[in-house]
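J.: The following block contains a protein sequence and its predicted model.
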Amino acid sequence: QVQLVESGGELVQPGGSLRLSCAASGFTFSSYAMSWYRQRPGAERALVAAISAAGSRTDYADSVKGRFTISRDNAKSTVYLQMNSLKSEDTAVYYCNPGWRLPQFGSWGQGTQVTVSS
């Protein structure tokens with residue numbers, strides 16, 4: 001059974017930083033690309049960043065390029081999202097899911113809330 005547990009979200013001031021984590025289980029983590037998505041209030045879930053299975057290739061939404069960094073630790077079955085220079089428009093619930101830029105599995109974790117506000 002696939003389990004995805006996102007954590008690390010909190011209230012942060014504009015310009016601040018956060019690191020999100022997603023602990024995965026129930027599948028062979030090191031064989032899958034992983035992606036982060038976010039869902040703003042009233043909007044559909046959207047891709048934020050993706051990383052290949054070995055971590056050698058990454059891709060980002062234009063809105064976060066240069067500010068966010070995706071990484072992974074296959075030994076820990078965990079994918080990370082380092083978010084710097086946060087803006088109010090980054091406020092959203094953040095989710096991870098296996099797959100390159102498209103969710104591979106239908107199940108989602110509970111997400112982690114990021115709120116950027118002064």
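T.: Looks like it arrived, so ask away. The model shown is predicted, which means the values in this text are computed figures rather than measured ones. Numbering: from 1, shown residues only.

J.: So what sits opposite the residue lying closest to R45 once chain neighbours are set aside in the bridge?
T.: Excluding the flanking residues, the one nearest R45 by Cβ to Cβ, 6 or more residues apart in numbering is Q39, at 4.4 Å. Glycine gets a C-beta too; all of them are placed from N, C-alpha and C. Q39 has these beta-bridge partners by DSSP bridges: V93.

J.: Check the burial of Q39 by counting its neighbours.
T.: Per other Cβ atoms under 10 Å, the neighbour tally for Q39 reads 15.

J.: Can you verify my assumption that it contacts W108?
T.: No: Q39 sits out of contact with W108 when judged by Cβ atoms under 8 Å, with a separation of 9.9 Å.

J.: okay, and the common contacts of those two?
T.: Shared contacts of Q39 and W108 (Cβ atoms under 8 Å, 6 or more residues apart in numbering): Y95.

J.: now the strands for the protein?
T.: 3-7, 11-12, 18-25, 34-39, 46-51, 58-60, 68-73, 78-83, 92-98, 112-116 (DSSP state E).

J.: ok, the second one: who's next to it in the sheet?
T.: Sheet pairing of strand 11-12 (DSSP bridges) gives strand 112-116 (parallel).

J.: What are the buried residues along the partner strand?
T.: Under the neighbour-count criterion of 16 or more other Cβ atoms under 10 Å, strand 112-116 has T112, V114, V116 buried.

J.: Surely G55 touches S71?
T.: Yes: in this structure, G55 is within contact of S71 by Cβ under 8 Å, at 6.8 Å.
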